[in-house]
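S.K.: quick one: sequence and predicted model below, then my questions.
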Amino acid sequence: MGPLSPTRTMRLWGPRSLGVALGVFMTIGFALQLWGGPFHRRLPGLQLRQPLAPSPGSAVSSCLPRQRLVFLKTHKSGSSSVLNLLHRYGDRHGLRFALPARYQFGYPRLFQASRVKGYRPQGGGTKPHFHILCHHMRFNLKEVLQVMPSDSFFFSIVRDPAALARSAFSYYKSTSSAFRKAPSLAAFLANPRAFYRPGARGDHYARNLLWFDFGLPFPPEMKTKRGDTHPPRDPSLPQLNVLPSGTGPRAHHPLDPNAVFHPAPIVAGGHSQTSSPSSLDLGSSSFIQWSLAWLDSVFDLVLVAEYFDESLVLLADALCWGLDDVVGFMHNAQAGGEQGRGPVSNGGLTAEDGQLTARARAWNHLDWALYVHFNHSLWARINQYGQSRLESAVAELRARREALAKHCLEGGEALDPKYITDRRFRPFQFGSGKVLGYVLRSGLSLADQEECERLATPELQYKDKLDAKQFPPTVSLPLKTSRILSP
Ligand SMILES: Nc1ncnc2c1ncn2[C@@H]1O[C@H](COP(=O)(O)OS(=O)(=O)O)[C@@H](OP(=O)(O)O)[C@H]1O
């Protein structure tokens, strides 16, 4: 285990110590994160892949690739596309995954280490021995640290809550009682309280799903008045007082959101004083800031689905991985889904779309705060990395993806599941839309076939494959035979 960074050290500290050291450590930690390693390039095995000319500013790397990773796989946020690259990387390098018995870790309950296949409590003498923890869970740091070393690289992904709401409504239409009752997303958002009952079955999918997945508690007024909060008046403005990760003075109060359920005190000179009372009450605003600061102390990087490729470049940089390690295809897209829509700007939306977007962000105001916060963080990191350096890396990544798609895929793109007859590549069909997948071109060389299969394999099938590799069925010899064989 390497030396602990300030950020990682904070994961281990008690809440009281955290308050004292927070400001100093956040500043140092953020500076170290931004520093990162130079963009590391390793040449691929696939025949198709050509040696790449070094991009401006890249240097021969002296960093060591990170291989202990915790990815919080948030829902409907592009996380299956990230999962695919983690599956491939771990598979190729023979890394051990912390796997769920089925496909999720007891979700929507908080993560428990005992849910991990092959986990032995540390008291039993075994140290955490996994490299990658990445399947759906409701985040629970204390239990995660029973399974993964504290110096693992923690990361996750967020998506604009409006796009996420569209995706979730279609996907969880029959799972969430609120969505099931609503004739359309527009009808739901026009009067969500007519359909939504906190605590009803599957209703975490219908409001602040990101916040829920991050394992954060809900502000007291949302818990006690059960849905009686007022969303921001104009949610398209980031009225919440959110700052980029790791910047500015952090709150001097305990930072364990699972331990304290009251809004933190307002700090003189802190951010809370600039909060807009019209958007959220002061308690709620400081509660949100406190939660975001806690997330900053835990997560090394949070990707943003609307800037997926930019995020991947930063991820490769932070992990000291090559571009080819992060390039991949989009997974789990629903036919007619949101992926074509642009980022936060509302350009090109009809008035109805605009209204729906604003209402979705207001209804999911905690997710909107998360999103604004991590969007800022991402752009702060992009500025540190260098805009033009990033642009050329993104262009290279996209060219690489396009070449892989042409080489590997029938039609060069995702297809309707009706065309996918090979069950190894047919994505799990769920919800009211069709989930797209891939058909491999015929006539690929053996090596290319293997790499293309990895790129096209949906998450459930890939998880099963890794499971079988990690836990090969044991063939127990019949007693008589084993007696004969033993000396
Ligand atoms: N690269 C990239 N960029 C932007 N958006 C992307 C990307 N990859 C996947 N997606 C979209 O994310 C939606 C699926 O999210 P998840 O994989 O997290 O879903 S799940 O919770 O695992 O079911 C799904 O959204 P919808 O199509 O709107 O439903 C995908 O299209």
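M.R.: Perfect, thanks for sending it.
S.K.: switch to C-alpha atoms for all contacts and neighbour counts from now on
M.R.: Noted.
S.K.: for the ligand, what are the nearby residues on the stretch 101-250 of the chain?
M.R.: Within the stretch 101-250 of the chain, the residues that sit near the ligand (Cα under 6 Å from any ligand atom) are residue 167.
S.K.: where does the stretch 101-250 of the chain dip in pLDDT?
M.R.: Residues of the stretch 101-250 of the chain that meet the criterion pLDDT under 70 lie in 122-128, 221, 223-250.
S.K.: which stretches in it count as strands?
M.R.: For the stretch 101-250 of the chain, strands defined by DSSP state E, counting those that start in this stretch occupy the ranges 132-133, 153-158.
S.K.: what strands flank the longest one, and is each parallel or antiparallel?
M.R.: I take that to be strand 153-158. Listed by DSSP bridges, the sheet partners of strand 153-158 and their directions read strand 69-72 (parallel), strand 301-304 (parallel).
S.K.: could you dump the strands of the stretch 101-250 of the chain into a markdown table with mean neighbour count added?
M.R.: What follows is the strands of the stretch 101-250 of the chain, written out as a markdown table (neighbours: other Cα atoms under 10 Å):
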| stretch | mean neighbour count |
| --- | --- |
| strand 132-133 | 24 |
| strand 153-158 | 22 |
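S.K.: got those strands as JSON lines, with distance to residue 421 columns?
M.R.: Converted to JSON lines, these look like this (distance: least, Cα to Cα, whole Å):
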{"stretch": "strand 132-133", "distance to residue 421": "31"}
{"stretch": "strand 153-158", "distance to residue 421": "31"}
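S.K.: out of those, the one nearest residue 195 is which?
M.R.: Between residue 195 and the strands of the stretch 101-250 of the chain, the shortest gap by Cα to Cα is with strand 153-158, which sits at 25.3 Å.
S.K.: burial measure for the residue of the stretch 301-450 of the chain found nearest the ligand, as a count.
M.R.: With Cα to the nearest ligand atom as the measure, the residue in the stretch 301-450 of the chain that lies nearest the ligand is residue 333; the distance is 3.3 Å. Burial of residue 333, expressed as a neighbour count using other Cα atoms under 10 Å, amounts to 21.
S.K.: of all the strands of the stretch 101-250 of the chain, which one is nearest residue 429?
M.R.: Nearest to residue 429 among the strands of the stretch 101-250 of the chain is strand 153-158; the distance by Cα to Cα comes to 22.7 Å.
S.K.: CA atoms of that closest one as CSV?
M.R.: The C-alpha trace of strand 153-158 is given here as CSV (Å, rounded to 0.1, in the frame of the first residue of the first chain):
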residue,chain,number,x,y,z
PHE,A,153,-8.9,5.4,-6.5
PHE,A,154,-12.5,6.4,-5.8
PHE,A,155,-14.6,7.7,-8.8
SER,A,156,-18.1,7.9,-10.1
ILE,A,157,-20.2,9.6,-12.8
VAL,A,158,-23.1,12.1,-12.7
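S.K.: next, the contact list for residue 457, please.
M.R.: When contacts are counted by Cα atoms under 8 Å, 6 or more residues apart in numbering, residue 457 touches 84, 424-425.
S.K.: do residue 208 as well
M.R.: Taking Cα under 8 Å, 6+ apart, one finds 161, 363-367 in contact with residue 208.
S.K.: out of the residues you listed, who's the most crowded?
M.R.: Compared across the contacts of residue 208, residue 161 has the highest neighbour count, 31 neighbours, by other Cα under 10 Å.
S.K.: for that residue, what are its contacts?
M.R.: Under the criterion of Cα under 8 Å, 6+ apart, the contact partners of residue 161 comprise 208, 360-361, 364, 367-368, 371.
S.K.: again, 10 Å this time
M.R.: If a contact means Cα atoms under 10 Å, 6 or more residues apart in numbering, then residue 161 has 76-77, 167-168, 207-210, 344, 357-358, 360-371 as its contacts.
S.K.: torsion angles phi and psi at the nearest residue to residue 435 once chain neighbours are set aside?
M.R.: Taking Cα to Cα, 6 or more residues apart in numbering as the measure, residue 435 lies nearest to residue 334, with 4.5 Å between them; neighbours along the chain are not counted. Main-chain torsions, residue 334, degrees, to the nearest 10: phi -90, psi 140.
S.K.: burial of residue 454, as a residue count?
M.R.: Applying other Cα under 10 Å, we find 20 other residues in the vicinity of residue 454.
S.K.: now do residue 104
M.R.: 18.
S.K.: distance of the closest residue in space to it that isn't next to it in sequence from residue 363?
M.R.: The shortest distance from residue 104 to any residue that is not its chain neighbour, by Cα to Cα, 6+ apart, is 4.9 Å, and that residue is residue 136. In this structure, residue 136 and residue 363 are 24 Å apart, going by Cα to Cα, to the nearest Å.
S.K.: now neighbour count and secondary structure too, for the contacts of residue 457, in TSV please.
M.R.: What follows is the contacts of residue 457, written out as TSV (neighbours: other Cα atoms under 10 Å; DSSP: H, G, I helix; E, B strand; the rest coil):
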residue	neighbour count	secondary structure
84	25	helix
424	16	coil
425	23	coil
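S.K.: would you turn these into JSON lines with pLDDT and distance to residue 193?
M.R.: Written out in JSON lines, the entries for the contacts of residue 457 read as follows (pLDDT from 0 to 100; distance: Cα to Cα, whole Å):
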{"residue": "84", "pLDDT": "98", "distance to residue 193": "37"}
{"residue": "424", "pLDDT": "97", "distance to residue 193": "42"}
{"residue": "425", "pLDDT": "97", "distance to residue 193": "40"}
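S.K.: tell me the one of those residues nearest residue 387?
M.R.: Nearest to residue 387 out of those is residue 84 (Cα to Cα; 26.8 Å).
S.K.: show me the contacts for the closest one.
M.R.: 90, 326-331, 454-459, 462-463.
S.K.: what about 7 Å?
M.R.: Applying Cα atoms under 7 Å, 6 or more residues apart in numbering, we find residue 84 in contact with residue 459.
S.K.: which residue packs closest to the closest residue to the ligand within the stretch 101-250 of the chain, ignoring adjacent ones?
M.R.: In the stretch 101-250 of the chain, no residue comes nearer to the ligand than residue 167, which is 3.9 Å away by Cα to the nearest ligand atom. When the adjacent residues along the chain are set aside, residue 167 lies closest to residue 76, with 6.3 Å between them (Cα to Cα, 6+ apart).
S.K.: that neighbour and the ligand: what is the separation?
M.R.: Using Cα to the nearest ligand atom, to the nearest Å, we find residue 76 at a distance of 3 Å from the ligand.
S.K.: before we move on, back to that, isn't the residue of the stretch 101-250 of the chain closest to the ligand right up against residue 75?
M.R.: No - Residue 167 is not in contact with residue 75 according to Cα atoms under 7 Å; the separation is 9.5 Å.
S.K.: overlap in contacts of these two?
M.R.: With Cα under 7 Å, 6+ apart applied, the contact sets of residue 167 and residue 75 do not overlap.
S.K.: any idea how far residue 183 is from residue 193?
M.R.: In this structure, residue 183 lies at 14 Å from residue 193, with Cα to Cα as the measure.
S.K.: quick one, which of these two is more surrounded?
M.R.: Just comparing residue 183 and residue 193: by other Cα under 10 Å the higher neighbour count belongs to residue 193, 14 against 10.
S.K.: which bits of the stretch 251-400 of the chain sit near the ligand?
M.R.: Within the stretch 251-400 of the chain, the positions adjacent to the ligand are 305-306, 308, 330-334, 337-339 by Cα under 6 Å from any ligand atom.
S.K.: please flag which of these sit within helices.
M.R.: Filtering these for membership in helices, criterion DSSP state H, returns residue 308.
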